[in-house]
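# show me how the following folds:
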Amino acid sequence: MTIIDTVEIRQVDLQPKVKRTDAIQSFVVQETVLVTIRCSDGSTGTGYTYTIGTGGSSIVALLKDHLVPRLIGRHPAEYEAIWRDLYFHTHATAVGAITSLALAAVDTALWDRNTRAAGLSLAVAAGGAKQRIRTYTTEGGWLHLSASELVDQTLQAQSEGFLGAKLKVGRPHVSEDVQRLDAVRTAVGDGFELMTDANQGFTYSEALRRAHAFEPFRLAWLEEPMPAESVDAHRRLSLATTVPVAIGESLYHPGQFAEYMKADACAIVQADVARVGGITPWLKVAHVAEALNMDICPHFLMELHVSLCAAVPNATWVEYIPQLDSLTHNRVRIEAGFAIAPQEPGIGIDWDWDAVNAAQRVHLSIDAKASA
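The predicted structure follows:
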């Protein structure tokens, strides 16, 4: 029987290519943690996770001290058994961001190894619903940009073939957000989709006020208008506005998505593979949403999500934010505004190991002897 006999952990810190700001924070550095499993039959797989500035070392420590030693000797195809064992082993810290982020690094490595061993792409292995998915960009919509800069960058995205763009909202007064949205909508016309993202920046009363003010702009959605723990406030907002409410970036377990969907507290779910704990739980969220006739439009991680969006029938958008360009040989392929799912075996990422090794600030290797 094939077993996992060695696991490597790396951390690489990446600087954003442009200044990124939203209603509550600046995106200063992306701490990217990679997990590579090596098996007794010579097969390998690499998965990853990320933070946007804090917690990377905590993820590495959790992997090294508590999760990775439990992988040694396991059959790599036992997705469910491994995920549940690791989740239960960390029950004192679950549900929590660090735990879910660490689980995701392991789970995506398992999927990478198993799809490679089977000779299947992730898109096909996880469902094979379609080959391409509409793409919108977030790289030009940051909160610090002036209205004229927003217009210029959104028009450029439109000319490059993107089918939509996300704009950050949450300026000090609602009139500022309205003025920016009005300028962009006037410039791009009605056929180009506009998404907005408040990054949990509003109270209920302010979210209600802004949602009503945004309705004339025919938005695709208003994302994370309030703190993610405020399920009932999202339910009340969803009932009070015609703007679809999107959530999920800050949820860390399928059960949290279930609470939102059960409460009619959102119209669109945005599960993030890293933050929900991996591909295995991401697919569960996607299929629950499908059963309820709801869209899934994942947050970030376009290099991975393009394949998962192709795997399920109810995924409607991939978010374009270049994340891994400096660490990979391949790029997400976009044609006429649609991202094309990779067809090669594996999760669709061709790591440039020379670049990874040159940039890594942590590299650990754990085998049977080290985990004893």
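# need the contact list for C266.
If you count contacts by CB atoms under 8 Å, 6 or more residues apart in numbering, C266 has them with 234, 238, 245-248, 260, 294. For glycine as for every other residue, the C-beta is placed from the backbone atoms N, C-alpha and C.
# most neighbours among those residues, which one?
When neighbours are taken as other CB atoms under 10 Å, the top entry among those is I247 (30 neighbours).
# could you check how far the spatially most central residue of the chain is from E215?
For the chain, the residue nearest the mean C-alpha position is D272 (3.2 Å; CA atoms, centre = their mean). Distance from D272 to E215, counting by CB to CB, to the nearest Å: 27 Å.
# Y260 now?
In terms of CB to CB, Y260 sits 22 Å off from E215.
# mind listing residues that contact the lowest-mean-pLDDT helix or strand in the chain?
Lowest on mean pLDDT, DSSP states H and E among the helices and strands of the chain sits helix 368-371, with a mean of 71. Applying CB under 8 Å, 6+ apart, the external contacts of helix 368-371 come out as 5, 68-70, 72-73.
# which residues touch the closest residue to W111 other than its chain neighbours?
Distance criterion CB to CB, 6 or more residues apart in numbering; nearest residue to W111, sequence neighbours excluded, is I279 at 4.8 Å. Applying CB under 8 Å, 6+ apart, we find I279 in contact with 107-108, 111, 122, 126, 273, 308, 347.
# with distance to S326 as added columns, please give these in JSON lines.
Formatted as JSON lines, the contacts of I279 follow (distance: CB to CB, whole Å):
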{"residue": "D107", "distance to S326": "24"}
{"residue": "T108", "distance to S326": "19"}
{"residue": "W111", "distance to S326": "23"}
{"residue": "L122", "distance to S326": "22"}
{"residue": "A126", "distance to S326": "27"}
{"residue": "V273", "distance to S326": "20"}
{"residue": "L308", "distance to S326": "23"}
{"residue": "I347", "distance to S326": "18"}
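# which parts of this protein are strands?
Using DSSP state E, the strands assigned to the chain run over residues 4-14, 30-39, 44-51, 132-137, 164-168, 193-197, 221-223, 245-247, 268-269, 295-296, 318-320, 333-335, 338-340, 360-367.
# R209 is nearest to which of these?
R209 sits nearest to strand 221-223 of all these, at 12.0 Å, using CB to CB.
# just give the strands next to that closest one in its sheet, each with its orientation.
Strand pairing for strand 221-223, determined by DSSP bridges: strand 193-197 (parallel), strand 245-247 (parallel).
# so where is the chain shaky, pLDDT-wise?
Under the criterion pLDDT under 70, the flagged ranges of the chain are 371-372.
# show me the domain layout of it.
In terms of domains, the chain is parsed into 4-119+352-371, 123-340 (source: automatic domain parsing).
# quick check: the residue nearest to the centre of the chain touching E249?
Yes - using CB atoms under 8 Å, D272 makes contact with E249 at a distance of 5.7 Å.
# between those two, which contacts overlap?
Shared contacts of D272 and E249, defined by CB under 8 Å, 6+ apart, comprise 299-300.
# so what's the residue count around the residue lying closest to G53 once chain neighbours are set aside?
Excluding the flanking residues, the one nearest G53 by CB to CB, 6+ apart is V28, at 4.8 Å. Other residues lying near V28 total 13 when counted by other CB under 10 Å.
# buried residues in stretch 228-247?
228, 230-231, 233-235, 237-238, 241, 243-247 (16 or more other CB atoms under 10 Å).
# next, format those as a markdown table and append distance to L63.
Output for those, formatted as a markdown table (distance: CB to CB, whole Å):
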| residue | distance to L63 |
| --- | --- |
| A228 | 25 |
| S230 | 31 |
| V231 | 30 |
| A233 | 35 |
| H234 | 32 |
| R235 | 36 |
| L237 | 37 |
| S238 | 37 |
| T241 | 41 |
| V243 | 40 |
| P244 | 37 |
| V245 | 34 |
| A246 | 30 |
| I247 | 28 |
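# where exactly do the helices run in this structure?
Remark: helices assigned in the chain by DSSP state H are 56-62, 79-89, 97-118, 122-125, 147-159, 174-188, 204-214, 231-240, 254-262, 273-276, 279-291, 302-311, 353-359, 368-371.
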